[in-house]
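Colleague: need a structure here:
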Amino acid sequence: MAKAIRLNETGGPEVLRWEEVNVGAPEKGQLKIRHTVVGLNYIDVYHREGSYPLQLPTGLGVEAAGVVEAVGPEVVGFKVGDRVVYAGGPPGAYATERLLPAARAAKLPDSVTDEVAASVFFKGLTAEYLIHRCHEVKEGDVVLWHAAAGGVGSLACQWMSHMGVTVIGTVGSDEKAQRAKENGCAHTINYRKEDFVARVKEITSGKLTSAVYDSVGKDTIMKSLDCLRPRGILVSFGTASGPTPPIDLGMLGARGSLYMTRASIANYTAQRAEFEAAADSVFKALEQRILKVDSPTTYSLNEVVTAHRDIQGGKTTGSVVLTV
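Modeller: Residues are numbered from 1 along each chain as shown. This next block holds a predicted model:
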């Protein structure tokens, strides 16, 4: 029988339970997938804690690679034996097998391994929509990216550097600063030692940045606004340090007619055509070595409690995967 991590209550990593589950046969529009590698993303922490509420009890995890075991009625474009990767859809990736809406899966090209796919697909889709569609960065732009050594940050900074963007990245240690530089950051700021607003002003000779990408939330959001030049944009896409405080729209006008958006990947990949185009963009960037992927931090699926503690404690860099 298949096994899965189940969430019956919200809380710390200790609430995750390893249980036997009956997967069954795929229904209309579904695939049955046997997982090989599962991706661990920070959104899983939000789901586990309840800050992004799920209906309980539930599975957990939104990204994995594997093999199609069965194809449900009215599914086109997939067959048994296909290698696939997916991101989004109902949580439940922390499992040996699962049913998944076929609309959330993409066929894997031969050039992309299961490990690479599971470690970067969701993060790659996130980077793609943030820098190409939510706000389109262009050659010559100066951008501030918080948590530049993280999974999404590592990919986005590489991509933007390739495009001719000057990226300033904030990090939490000298080791992470080195990693961020290797991934395309022209400048790094260790926020534990330096005031990142003062450093951004110094780096840009007071001109500030055209965009700030902030997945940290409460601890950084107000200072992020101080790093924007007139008509710049703050893209908030996460709250790792806690929910952001209320922001008076008048403040945006007073600081230079700033823009602000709270972005979600769900709204940028909801249409199948957008999802496929974004997936193709990520696969091409991998194939062309625009995105270079380090070996991820690896845990076995039944070590998921430790993995959650480590990622939340800032003990990991880059991507984290769970092997099945």
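Colleague: contacts and neighbour counts: CA atoms only from here.
Modeller: Will do.
Colleague: you'd agree residue 144 is in a strand?
Modeller: Yes: under DSSP: H, G, I helix; E, B strand; the rest coil, residue 144 falls within a strand.
Colleague: what is the neighbour count of residue 42?
Modeller: By the criterion of other CA atoms under 10 Å, residue 42 has 17 neighbours.
Colleague: likewise the one 10 residues further on?
Modeller: Other residues within reach of residue 52, judged by other CA under 10 Å, total 11.
Colleague: what sits against residue 299?
Modeller: Neighbouring residues of residue 299 by CA atoms under 8 Å, 6 or more residues apart in numbering: 307, 320, 321, 322, 323.
Colleague: same question for residue 11.
Modeller: By CA under 8 Å, 6+ apart, the contact list for residue 11 reads 48, 49, 50.
Colleague: so the last one touches residue 13, yeah?
Modeller: No: using CA atoms under 8 Å as the test, residue 50 is too far from residue 13 to be in contact (11.9 Å).
Colleague: alpha carbons only: can I get stretch 186-205 in PDB?
Modeller: The C-alpha coordinates for stretch 186-205 follow below in PDB (Å, rounded to 0.1, in the frame of the first residue of the first chain):
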ATOM      1  CA  ALA A 186      26.500  41.900  -8.500                       C
ATOM      2  CA  HIS A 187      26.300  43.000  -4.800                       C
ATOM      3  CA  THR A 188      25.300  41.200  -1.600                       C
ATOM      4  CA  ILE A 189      24.200  42.600   1.700                       C
ATOM      5  CA  ASN A 190      24.400  40.600   4.900                       C
ATOM      6  CA  TYR A 191      21.300  41.900   6.700                       C
ATOM      7  CA  ARG A 192      22.500  40.500  10.100                       C
ATOM      8  CA  LYS A 193      25.500  42.900   9.900                       C
ATOM      9  CA  GLU A 194      24.400  45.800   7.700                       C
ATOM     10  CA  ASP A 195      21.400  48.100   7.200                       C
ATOM     11  CA  PHE A 196      20.200  47.000   3.800                       C
ATOM     12  CA  VAL A 197      18.500  50.400   3.000                       C
ATOM     13  CA  ALA A 198      21.800  52.300   3.700                       C
ATOM     14  CA  ARG A 199      23.700  49.800   1.600                       C
ATOM     15  CA  VAL A 200      21.300  50.000  -1.300                       C
ATOM     16  CA  LYS A 201      21.600  53.800  -1.300                       C
ATOM     17  CA  GLU A 202      25.400  53.500  -1.200                       C
ATOM     18  CA  ILE A 203      25.600  50.900  -4.000                       C
ATOM     19  CA  THR A 204      23.300  52.900  -6.300                       C
ATOM     20  CA  SER A 205      24.700  56.300  -5.400                       C
END
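Colleague: thinking again about what came up before, can you pick the most crowded of the contacts of residue 11?
Modeller: residue 48 (27 neighbours).
Colleague: and the helix or strand where that one lies, what does it pack against?
Modeller: In the assignment (DSSP states H and E), residue 48 maps to helix 42-49. Helices and strands touching helix 42-49, by 3 or more CA pairs under 8 Å, 6 or more residues apart in numbering; DSSP states H and E, are helix 304-312.
Colleague: ok, now with 10 Å
Modeller: Packing partners of helix 42-49 (3 or more CA pairs under 10 Å, 6 or more residues apart in numbering; DSSP states H and E): strand 58-59, helix 304-312.
Colleague: let's have the ones you listed in JSON lines, adding mean pLDDT and mean neighbour count.
Modeller: Converted to JSON lines, those look like this (pLDDT from 0 to 100; neighbours: other CA atoms under 10 Å):
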{"stretch": "strand 58-59", "mean pLDDT": "96", "mean neighbour count": "20"}
{"stretch": "helix 304-312", "mean pLDDT": "94", "mean neighbour count": "18"}
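Colleague: quick one: which of those is nearest residue 256?
Modeller: helix 304-312 (35.1 Å; CA to CA).
Colleague: what average pLDDT does stretch 134-148 get?
Modeller: The average pLDDT within stretch 134-148 is 97.
Colleague: so for it, what gets flagged as buried?
Modeller: 134, 137, 142, 143, 144, 145, 146, 147, 148 (16 or more other CA atoms under 10 Å).
Colleague: next up, the contacts around the most centrally placed residue in the chain.
Modeller: For the chain, residue 123 is the residue whose C-alpha lies nearest the centre (CA atoms, centre = their mean; 3.5 Å). Taking CA atoms under 10 Å, 6 or more residues apart in numbering, we find residue 123 in contact with 39, 41, 63, 87, 117, 150-156, 265, 282, 319.
Colleague: then residue 156?
Modeller: 123-124, 126-128, 130-131, 145, 148, 150, 162, 167, 183-185, 291.
Colleague: in PyMOL, select just the buried ones from those residues.
Modeller: Buried subset of those, written as a PyMOL selection, criterion 16+ other CA under 10 Å:
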select buried, resi 123+124+126+127+128+130+131+145+148+150+167+183+184+185+291
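Colleague: pLDDT check: weakest of the contacts of residue 156?
Modeller: Least confident of these in the model: residue 150, at 86.
Colleague: separation between that one and residue 296?
Modeller: Distance, residue 150 to residue 296, using CA to CA, to the nearest Å: 11 Å.
Colleague: in the stretch 51-200 of the chain, which spans are helices?
Modeller: In the stretch 51-200 of the chain, the helices defined using DSSP state H, counting those that start in this stretch lie at 114-129, 151-162, 174-182, 196-203.
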